[in-house]
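Participant: structural data only, the sequence is not supplied:
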């Protein structure tokens, strides 16, 4: 039963993360969305500790990193396909710049989320330890 609870938490958490990443990878919304991204990371870490998963943090981080890597590779392949499909040089250049910016913001969102999550996890987990 604890494993099912962990899987359900990871799936729900992943849906929230993907939803936030959908906004944080837009070029003009990255800085505006950063507080939401960090807030979701802190809330996610708090729920993680409150549900009693404190000692399973490595599992969560591995699943998160694997998911982020898979989506990042998919985005890179999509960008490559778009570049090969565009026939106009100006259009190809615009797509390349936009795609590169999107990938950059995606990786920055992923890294900042993980740092905020792990920092909040450490704070909440250490407070939850019996004294």
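Facilitator: Good, I have the coordinates. These numbers come from a predicted model, not from an experiment.
Participant: outside of stretch 74-87, which residues touch it?
Facilitator: Residues external to stretch 74-87 that are found in contact with it (C-beta atoms under 8 Å, 6 or more residues apart in numbering): 92, 95, 96, 99, 100, 102, 103, 106. Yep, even glycine has a C-beta here, placed from its N, CA and C like the rest.
Participant: got a list of what the second one touches?
Facilitator: With contacts taken as C-beta under 8 Å, 6+ apart, residue 95 has the following neighbours: 79, 82, 83, 86.
Participant: which element, helix or strand, includes the second one?
Facilitator: Using DSSP states H and E, the secondary-structure element containing residue 82 is helix 57-85.
Participant: the helix or strand just after that helix vs helix 57-85, what angle?
Facilitator: Scanning forward in sequence from helix 57-85 by DSSP H and E, the next helix or strand is helix 89-128. Here helix 89-128 points in a direction 170 degrees away from that of helix 57-85 (axes from the mean of the first three to the mean of the last three C-alpha atoms, to 10 degrees).
Participant: can you pick the most crowded of the contacts of residue 95?
Facilitator: Neighbour counts for the contacts of residue 95 were taken using other C-beta atoms under 10 Å; the highest belongs to residue 79, with 17 neighbours.
Participant: and the pLDDT for it?
Facilitator: For residue 79, the pLDDT comes out at 83.
Participant: could you do the one 4 residues further on as well?
Facilitator: Among the per-residue scores, residue 83 holds a pLDDT of 78.
Participant: then residue 68?
Facilitator: Model confidence at residue 68, given as pLDDT, is 88.
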